[in-house]
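Peer 1: Below are the sequence and a predicted model; questions follow.
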Amino acid sequence: MMHQIGIRLASALVVMLGVCTLVFLLIHLVPGDPVEAMLGESARPADREALRQALGLNLPVAEQYGHYLTGLLRLDLGQSFLDQRQVAEVLGERLPATLQLTAAALVLALVLAIPLGVMAARRRGSALDGGAMAFSLIGISMPNFWLGPLLILVFSLWLGWTPVSGSERPLSLVLPAITLGTALAAILARMVRASVLEVLGEDYVRTARAKGLSEAAVMWRHALRNAWLPVLTLVGLQLGGLLGGAVITETVFAWPGVGSLLVESIQARDFPVVQGCVLLISLIYVLVNTLTDLAYAWVDPRIRRR
């Protein structure tokens with residue numbers, strides 16, 4: 001197990017290095033000058049050059065990249081161009097809101113998907129099964145940038161049940177969590193249904209039924225226990241999708257998380273904050289997938305014996 005953990009961590013470090021390099025190169029290829037964005041078009045050339053030197057933007061790209069990697073080795077993400085605050089401090093203020101939204105969306109998706117998928121598998125071919133698959137198709141087809149404004153229009157403007165945006169009130173989390181978790185719930189429901197259907201045809205399930213176990217015991221103690229592995233894989237992979245989708249959802253609902261910070265920093269050409277946001281999202285994604293791989297041994301005893 002320790003050997004597997006070492007391999008996973010080494011692979012994660014290589015992936016993170018690639019992400020850092022790619023983000024650094026892409027952000028310097030994007031049109032737009034942060035100095036012009038900060039000073040405006042009417043600034044004098046001397047003031048622009050002075051600010052460029054102060055920010056280190058007058059150095060060659062290779063040298064800037066070297067300074068960036070050196071800072072990462074010291075766990076220093078740099079300073080924001082706009083307010084000269086440490087990027088780590090800015091991210092620390094925004095990260096809890098993103099984690100709260102992502103956790104709420106994940107819980108909502110699991111609460112909807114697992115019972116729906118199990119019932120659809122138990123009643124295959126029924127109206128319930130057709131309704132569950134229709135929900136999955138609709139949920140996958142609706143993008144966040146369309147579903148979010150629709151929910152705001154109905155529940156905030158027409159009915160007045162929830163706030164339009166922000167995070168000041170407890171109900172402010174409801175609509176963003178529904179927007180972010182609907183697509184994941186749809187995908188998970190299909191996966192749970194397919195996994196349970198596959199397991200229900202196995203010999204040990206028929207043996208359990210032949211012993212006289214109740215259908216609930218067969219489903220929860222035998223079928224679901226062995227159907228978790230593909231579902232766990234999908235949850236690990238889709239959690240990164242939740243973080244990526246949070247960028248759009250947080251922007252729509254003005255949610256003060258890392259996603260909205262990323263959009264604001266791109267618009268302001270605040271390179272250190274953009275790099276920090278992408279690095280943080282990538283790090284969480286890689287760690288979640290690494291933990292998912294390691295969790296296989298807990299879910300499937302056959303992997304522990306390899």
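Peer 2: Happy to help now that I have it.
Peer 1: Only the buried residues of whichever strand or helix holds Val274, if you could.
Peer 2: Using DSSP states H and E, Val274 falls within helix 271-299. For helix 271-299, a neighbour-count test (16 or more other C-beta atoms under 10 Å) marks 271-282, 284-286, 288-290, 292-293, 295-296, 299 as buried. For glycine as for every other residue, the C-beta is placed from the backbone atoms N, C-alpha and C.
Peer 1: Just checking the distance from it to the centre of its chain.
Peer 2: 9 Å (C-alpha atoms, centre = their mean, to the nearest Å).
Peer 1: which other helices and strands contact that helix?
Peer 2: Helix 271-299 sits against helix 2-29, helix 87-122, helix 224-253, helix 258-268, helix 301-304, with contacts defined as 3 or more C-beta pairs under 8 Å, 6 or more residues apart in numbering; DSSP states H and E.
Peer 1: now for those helices, which one comes closest to Ser214?
Peer 2: helix 87-122 (12.9 Å; C-beta to C-beta).
Peer 1: Could you find the closest non-adjacent residue to the residue nearest to the spatial centre of the chain?
Peer 2: Nearest to the geometric centre of the chain sits Leu243, at 2.0 Å (C-alpha atoms, centre = their mean). Distances taken as C-beta to C-beta, 6 or more residues apart in numbering place Ile281 nearest to Leu243, at 5.1 Å, with adjacent residues excluded.
Peer 1: pretty sure that neighbour contacts Gly257?
Peer 2: No. With contact defined as C-beta atoms under 8 Å, Ile281 does not reach Gly257; the gap is 10.6 Å.
Peer 1: burial measure for Ser165, as a count.
Peer 2: 16 (other C-beta atoms under 10 Å).
Peer 1: Run through the residues that contact it.
Peer 2: Ser165 makes contacts with Ile152, Ser172, Phe253, Ala254, Trp255, as judged by C-beta atoms under 8 Å, 6 or more residues apart in numbering.
Peer 1: Considering those residues, which possesses the most neighbours?
Peer 2: Phe253 (29 neighbours).
Peer 1: Let me see the confidence value for the closest residue to it other than its chain neighbours.
Peer 2: Nearest residue to Phe253, sequence neighbours excluded (C-beta to C-beta, 6+ apart): Pro176, at 4.6 Å. The model reports Pro176 with a pLDDT of 92.
Peer 1: Sort out which residues of the strand or helix carrying Pro176 are buried, please.
Peer 2: Element membership for Pro176, per DSSP H and E: helix 174-200. By neighbour count with 16+ other C-beta under 10 Å, helix 174-200 contains the buried residues 174-197, 199-200.
Peer 1: Likewise for stretch 253-269?
Peer 2: Neighbour counts over stretch 253-269 (16+ other C-beta under 10 Å) mark 253, 255-262, 264-266, 268-269 as buried.
Peer 1: Got the phi and psi for the nearest residue to Gln64 once chain neighbours are set aside?
Peer 2: Leaving out its chain neighbours, the residue that sits closest to Gln64 by C-beta to C-beta, 6+ apart is Gly56, at 6.4 Å. Note on Gly56: its backbone torsions stand at phi 80, psi 10 [degrees, to the nearest 10].
Peer 1: quick revisit: distance to Glu63 and mean pLDDT added to the helices and strands packed on helix 271-299, as CSV?
Peer 2: As requested, those are exported to CSV (distance: least, C-beta to C-beta, whole Å; pLDDT from 0 to 100):
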stretch, distance to Glu63, mean pLDDT
helix 2-29, 12, 79
helix 87-122, 20, 89
helix 224-253, 30, 78
helix 258-268, 22, 87
helix 301-304, 46, 56
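Peer 1: Nothing else from me, thank you.
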